[in-house]
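*Asks:* Quick check, what structure comes out for this input:
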Amino acid sequence: MRVLGLDTATSGCSAALWDDGRVTVRRREPMARGQAEALVPLAQAALAEAGCAFGALDRIAVTVGPGAFTGLRIALAAARGFALAAGLPVVGITSFDAVAHGLPDAERAGRAVLVAVDSRRTEPFLQLFHADLTPLGEPAMLEPAAAPGWLDGLLPAAAPLLVAGDGAA
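*Replies:* Sure, this is the predicted structure:
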């Protein structure tokens with residue numbers, strides 16, 4: 001199965017090709033603005049590097065949030081356009097799942113994973129996962145000062161924690 005993945009929900013613009021169980025090509029440009037102009041050329045470059053035409057894809061995957069409202073609309077519109085033109089299904093992936101599943105197994109081993117997505121406000125979007133990437137509770141949007149109390153209610157005492165995402169700071 002070949003899947004073209006698109007993401008403009010956070011502080012960048014990315015396209016990747018997933019082919020038979022692994023990512024074969026990954027292109028990413030950090031940017032706060034300008035994803036609308038960058039996404040299609042980035043996707044084309046990723047497919048060209050992989051030697052894959054749009055017609056050889058089985059589906060399009062796109063991040064569906066949380067994230068920046070305009071950024072979400074850019075990738076969703078591109079995914080829909082690609083899918084309609086090529087007759088492909090579109091699959092939505094949360095920003096939390098995309099970040100969590102992008103972490104190497106060895107880095108996650110024995111740790112809970114807190115994914116923090118920048119909301120462009122003071123409160124980041126947060127979701128906590130087990131090391132095996134099953135969710136530990138529901139996503140939240142909290143003031144940074146409230147995050148430790150929220151984590152205390154979800155994590156065992158002194159559990160190791162890995163923090164990832166563009167809202168990690």
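*Asks:* Could you list the residues in contact with the longest helix along the chain?
*Replies:* If you go by DSSP state H, the chain has its longest helix at helix 69-86. Contact with helix 69-86 is made by 4, 6-10, 35-36, 39-40, 43, 54-55, 57, 59-65, 88-90, as judged by CB atoms under 8 Å, 6 or more residues apart in numbering. C-beta here means a position set from N, CA and C on the backbone, and glycine is covered the same way.
*Asks:* Buried subset of the residues you listed, written for ChimeraX?
*Replies:* Selecting the buried subset of these in ChimeraX, with 16 or more other CB atoms under 10 Å as the burial test, is done by:
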select :4,6,7,8,9,10,35,36,39,43,57,59,60,61,62,63,64,65,88,90
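*Asks:* neighbouring contacts of stretch 89-102?
*Replies:* 3, 5, 7, 9-10, 59-67, 79-80, 83, 113, 115, 117, 125, 127, 129, 133, 139, 164-165.
*Asks:* An error on my part: the question was meant for stretch 21-37.
*Replies:* 8, 11-18, 38, 42-43, 45-47, 49-50, 71, 74-75.
*Asks:* Filter those residues down to the ones in helices?
*Replies:* Counting by DSSP H, the contacts of stretch 21-37 contribute Ala38, Leu42, Ala43, Ala45, Ala46, Leu47, Glu49, Ala50, Gly71, Ile74, Ala75 to helices.
*Asks:* Which of those residues are buried, as a PyMOL select command?
*Replies:* Here is the PyMOL command that selects the buried residues among the ones in helices among the contacts of stretch 21-37 (16+ other CB under 10 Å):
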select buried, resi 38+42+43+46+47+50+71+74+75
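*Asks:* got the ones in helices among the contacts of stretch 21-37 as a markdown table, with distance to Arg27 and pLDDT columns?
*Replies:* Below are the ones in helices among the contacts of stretch 21-37 laid out as a markdown table (distance: CB to CB, whole Å; pLDDT from 0 to 100):
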| residue | distance to Arg27 | pLDDT |
| --- | --- | --- |
| Ala38 | 10 | 97 |
| Leu42 | 5 | 97 |
| Ala43 | 8 | 97 |
| Ala45 | 6 | 97 |
| Ala46 | 5 | 97 |
| Leu47 | 10 | 96 |
| Glu49 | 8 | 97 |
| Ala50 | 10 | 96 |
| Gly71 | 16 | 90 |
| Ile74 | 15 | 97 |
| Ala75 | 13 | 97 |
